[in-house]
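A.B. asks: any chance you can model this:
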Amino acid sequence: MCTYLYKKIFVFLVVVASLLAPKMLVSQEIDVPEEYSTDNLLRMKLPPLDLLLEGARNSSQVEFYNLRMEGEQLTLKTERRKWQEYFSFYASYQYGLLATNTETDLGSTYPMMYQYSGTAQSWYSVGAAVRLPLDQLFDRRNRIRRQEIKIEETLKERELWYDEHKMRIIELYTKAIEMSNNLKYAVELFSVSDAQYELAQKDYILGTITAQGLNVAKSQQVTALLQLERVKAELNSAILRLEIMSGVKIIRN
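C.D. replies: Just a heads-up that it's a prediction; the model follows:
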């Protein structure tokens, strides 16, 4: 009789230990940065949507389009000034002495006579030339217009990208609001299921419920915990993506 009682007590302790061990794991806080903890997420307030949309205008992608448009505008200025290639000017200047040497031979009885004469002179020339390549001359307006179209295309491409970017921010903003509301209910549901499991443990020890009833309470607690972690993960994902896309810090320590 004693042996049977000892075995029953041993089985009871093993069952209780197996049920308490998962509870200890559940109660442990998951190691996450403080700003993304449950308490901080519950206190978080999303900034106005307009602030996030305006912050997206300072993104690296918009800066890329601005730089490309600036390069296209410089090319347009160069294209408009190409008419200067049709004209060329030249000038030259020289300065020197113009001298002559002469010698006179009057015969053997007279000495040789040498004469030198020289004057300082300067020479200069100025001129201009016009070259008119007809193919470039008649196509000049088309080249300028094509360059203007490139600038307009870059501007439209930037606006199209920004419109699509705004739509993604709006979708994430809506998702963050939804998950933020769901987080409150998920925390409440987990608190209730956790409290019910605590009561079920006590009732099982007192023998008022069976192991099956305890397992049901445990299953509800685990389900509530998994739901809570899923909501937190989706909320954190939406917030992090909003911070990257808008350049606005949302969660702070």
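A.B. asks: I'd say residue 182 and residue 230 touch.
C.D. replies: No - contact criterion C-beta atoms under 8 Å: residue 182 and residue 230 do not qualify, at 9.3 Å. Just so you know, the C-beta spots here come from the backbone N, C-alpha and C atoms, and that holds for glycine as well.
A.B. asks: so these two - more neighbours on which side?
C.D. replies: More neighbours surround residue 182 than the other of residue 182 and residue 230, with 18 against 13 (other C-beta atoms under 10 Å).
A.B. asks: name the SS class of that one, please.
C.D. replies: At residue 182 the chain is in helix, as set by DSSP: H, G, I helix; E, B strand; the rest coil.
A.B. asks: distance of it from residue 170?
C.D. replies: 19 Å (C-beta to C-beta, to the nearest Å).
A.B. asks: next one: residue 245
C.D. replies: Separation of residue 245 from residue 170 (C-beta to C-beta) stands at 11 Å.
A.B. asks: those two: who's more crowded?
C.D. replies: Ranked by neighbour count (other C-beta under 10 Å), residue 245 and residue 170 place residue 245 first, with 19 against 13.
A.B. asks: counting by contacts, list what the host helix or strand of that one packs against.
C.D. replies: Take DSSP states H and E as the rule and residue 245 turns out to sit in helix 211-246. Contacts defined by 3 or more C-beta pairs under 8 Å, 6 or more residues apart in numbering; DSSP states H and E place helix 211-246 against helix 2-27, helix 38-43, helix 49-55, helix 134-206.
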